[in-house]
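Chemist: Here's a sequence, model it:
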Amino acid sequence: MKKHLLIIAFIVTGLYSSTTTLVAQVTANQPPDYHVCDLDNDGLAVFDLTLQEPAIIGAQDPTNLVVKFYVTQVDANNDTNPIANSNSYFSSSSIIYARLEDFTNGDYDTTSFNIIVENTPIFTEVSLFEQCDDEVVDGFTDFDLNSLNPTITAGNPNLSVAYYASQLDAETATNPIASPYTNTINPEIIFVRVDNLITGCYATFEMELFVITPPAIFEPNALQYCDPDNDGFGEFMLTDADLEVTGGIPLGNLVVTYHYILTDALIGINPLPSPWLNDVPYNQTVHVRLFDQATGCFSLTTLVLVILDSPQIVQPTDLELYDDNGDGIEVFNLTLVEPELLNDLDPNLYSVYYYEDVNFTIPISNPISYSNIPPSPQTIYIWVEDIVNSCKSQTEFNLVLVDVLIEDEPDDLFINEGDDDGLAIFDLTVNEPQMLGNQDPLVALFSYFITLADSENDVNRISLPTAYQNITNPQTIFVRLTNSNSGNYVLTNFEIQTDGVLGVDENFNNSFKLYPNPSTGIINVQSNNLTETVAIAIYNLQGQVLLSENKTPENGTISFDVSGLSTGVYFIKIVLEDVSVIKRIVKQ
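Modeler: Below is the predicted model:
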């Protein structure tokens with residue numbers, strides 16, 4: 001700082017006196033350095049130097065004072081080459097010299113200060129902030145504006161970021177937007193201000209907020225699985241629901257995934273494989289995520305997995321028919337297998353379909369009268385469909401043509417000799433006509449045995465089957481029917497029984513009372529030994545079974561109806577576990 005002092009002296013002639021006047025000096029106060037932000041960061045900026053004048057003048061009366069600016073100290077001292085455009089001085093960083101002068105007396109003082117060009121903040125502009133719409137697809141959602149700060153500042157801790165609804169608010173740093181922010185229109189322009197905390201410089205830019213519509217998703221129909229063993233579990237091909245999820249749009253950029261829990265679907269982790277085995281029986285819900293690779297947005301829905309019971313069928317026994325003319329063709333009633341096939345299922349709830357081929361492409365239109373296709377055996381393929389849920393089960397059986405067979409199973413034989421000794425003479429051949437059917441009796445030959453093993457091996461035949469005395473009561477007789485031409489054979493058996501029970505206590509036998517007997521209709525059997533379900537059979541005098549059924553006693557009594565029998569004498573056989581009792585009845 002350089003100062004100059006002016007002293008004026010007054011001398012009055014003739015008087016021994018004098019006056020000295022001291023003129024007040026000016027002081028140029030040193031102002032603070034002057035910082036200007038460089039908008040284009042080229043190192044140059046425009047300075048309004050006159051803004052420093054109040055600081056230079058300070059508390060002095062500015063009336064007679066003038067401030068000028070120079071680029072050198074010499075110019076400031078000599079008042080030469082002052083800066084002409086001091087209110088718009090274009091310069092790089094430098095030292096400016098100021099001269100404060102009282103123009104009434106020429107007194108002056110000088111000072112200096114730095115003009116400094118500060119770079120504006122260096123940052124990354126984010127011109128577009130896209131956000132997927134939320135659960136309510138309306139074009140409005142929350143934007144976490146602060147999540148962009150690390151991107152904008154590149155992690156520079158000396159930079160701060162704020163968001164504003166208008167350019168004016170951004171320039172004046174007023175009314176910043178709080179984060180998260182819900183847009184008011186879509187798209188919406190907001191303004192971002194980045195401040196350098198060291199220099200105070202800032203810059204602004206526009207940013208567009210845009211809410212992306214997530215992919216349209218549709219809740220698919222439930223996937224159904226017909227369970228072969230009806231345990232409630234099965235494999236689901238989850239991808240079968242993909243096109244329903246997209247509304248029929250081919251996948252392309254769309255990715256459909258299935259998830260066990262909602263959290264996994266939201267994050268997009270742990271997709272379920274396809275096929276997938278459910279772990280909640282019969283009914284389970286999984287979560288579906290539809291992801292658009294083009295936008296990065298996703299939508300969620302659910303898929304229900306339903307397990308349906310399948311018909312629990314049994315593979316039926318092969319059907320056999322006697323080929324009476326040797327042409328290899330007979331007419332079969334395929335529906336005869338259905339009682340065994342359905343295994344106590346209600347036939348009104350199931351449809352049965354028969355096919356000639358394993359691929360189920362050649363249906364049999366008339367299963368009641370079907371001519372087999374030679375050679376024998378022929379396999380028939382069956383679909384059984386549940387009428388309610390359309391689940392199907394399949395099985396097969398064979399149509400077999402034989403040159404020997406038991407046409408009709410033999411009846412059990414009963415003879416009453418009236419002596420109650422449990423022994424009788426039986427004609428075992430009385431059942432041969434019904435067993436033989438239309439087979440040639442000269443070719444189809446019968447033989448009888450007392451054990452199954454003997455009948456299988458064709459040894460120890462009963463030598464006189466027309467007059468055979470039982471050895472136990474009742475006793476099982478085993479029958480072998482052989483085609484003498486081919487040697488093929490079939491086996492069956494029947495039971496023979498007479499009055500009296502071998503090995504049964506007489507008191508036990510006598511405990512069974514029948515009334516009324518004779519009867520025209522209902523006959524009751526009463527015994528303290530009747531405690532559980534028993535089998536009863538009624539025989540004629542020829543030992544043939546006329547009626548057979550199971551009866552459950554009530555208070556030690558069972559009843560049966562003989563009104564359908566002809567007038568005459570009959571025998572009733574009552575079987576309790578491994579013991580049987582035979583009584584004589586009369587139908588009037």
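
Chemist: Does Thr337 belong to a helix, a strand or coil?
Modeler: Quick fix: residue 337 reads Val, not Thr. helix (DSSP: H, G, I helix; E, B strand; the rest coil).

Chemist: Please report the number of neighbouring residues for it.
Modeler: Around Val337 there are 23 other residues, counting by other CB atoms under 10 Å. Placement of C-beta: from N, CA and C, glycine included.

Chemist: close enough to count as contact, it and Thr317?
Modeler: Yes: the pair Val337 / Thr317 is scored as a contact, 7.2 Å apart, by CB atoms under 8 Å.

Chemist: got any residues that touch both of the two?
Modeler: Phe397 (CB atoms under 8 Å, 6 or more residues apart in numbering).

Chemist: bridging residues for Val255?
Modeler: Phe291 (DSSP bridges).

Chemist: pretty sure it contacts Thr295?
Modeler: No: under the criterion of CB under 8 Å, Val255 makes no contact with Thr295, lying 12.0 Å away.

Chemist: element containing Val74?
Modeler: helix 73-78 (DSSP states H and E).

Chemist: Likewise for Val117?
Modeler: strand 108-119.

Chemist: Now do the following helix or strand past that strand: everything it contacts.
Modeler: Later in the chain than strand 108-119, the nearest helix or strand by DSSP H and E is strand 128-132. With contacts defined as CB under 8 Å, 6+ apart, strand 128-132 is touched by 141-143, 145, 148, 207-212, 214, 295-298.

Chemist: Only the buried subset of those residues, as a PyMOL command please.
Modeler: Restricted to buried positions by 16 or more other CB atoms under 10 Å, the PyMOL selection for these reads:
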select buried, resi 141+143+145+148+207+209+211+212+214+297+298
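
Chemist: and which of the contacts of strand 128-132 is nearest Leu266?
Modeler: Leu266 lies nearest to Phe298 out of the contacts of strand 128-132, by CB to CB, at 8.6 Å.

Chemist: Quick check, pLDDT for that closest one.
Modeler: For Phe298, the model assigns a pLDDT of 95.

Chemist: you'd agree it is up against Arg289?
Modeler: Yes: under the criterion of CB under 8 Å, Phe298 lies in contact with Arg289, with a separation of 5.5 Å.

Chemist: shared neighbours of these two, anything?
Modeler: Gly268.

Chemist: taking the mean pLDDT, what do you get for stretch 575-585?
Modeler: So the average pLDDT for stretch 575-585 ends up being 76.

Chemist: then that stretch to CSV, C-alphas only?
Modeler: Listed next in CSV are the C-alpha coordinates belonging to stretch 575-585 (Å, rounded to 0.1, in the frame of the first residue of the first chain):
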residue,chain,number,x,y,z
VAL,A,575,-70.3,-122.0,6.4
LEU,A,576,-68.8,-120.4,9.5
GLU,A,577,-65.0,-119.8,8.9
ASP,A,578,-63.7,-123.3,8.3
VAL,A,579,-66.7,-125.2,9.7
SER,A,580,-70.0,-125.9,7.8
VAL,A,581,-73.4,-127.1,8.8
ILE,A,582,-76.0,-128.7,6.5
LYS,A,583,-79.7,-128.7,7.2
ARG,A,584,-82.7,-130.1,5.3
ILE,A,585,-85.5,-127.6,4.3
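
Chemist: before we move on, the earlier item: other SSEs contacting the strand holding Val117?
Modeler: strand 34-38, helix 73-78, strand 89-91, strand 94-102 (3 or more CB pairs under 8 Å, 6 or more residues apart in numbering; DSSP states H and E).

Chemist: Pick the most buried one from the ones you listed.
Modeler: strand 94-102 (a mean of 20; mean count of other CB atoms under 10 Å).

Chemist: Off-centre distance for it?
Modeler: Here strand 94-102 is found 84 Å from its chain centre; the criterion is CA atoms, centre = their mean, to the nearest Å.
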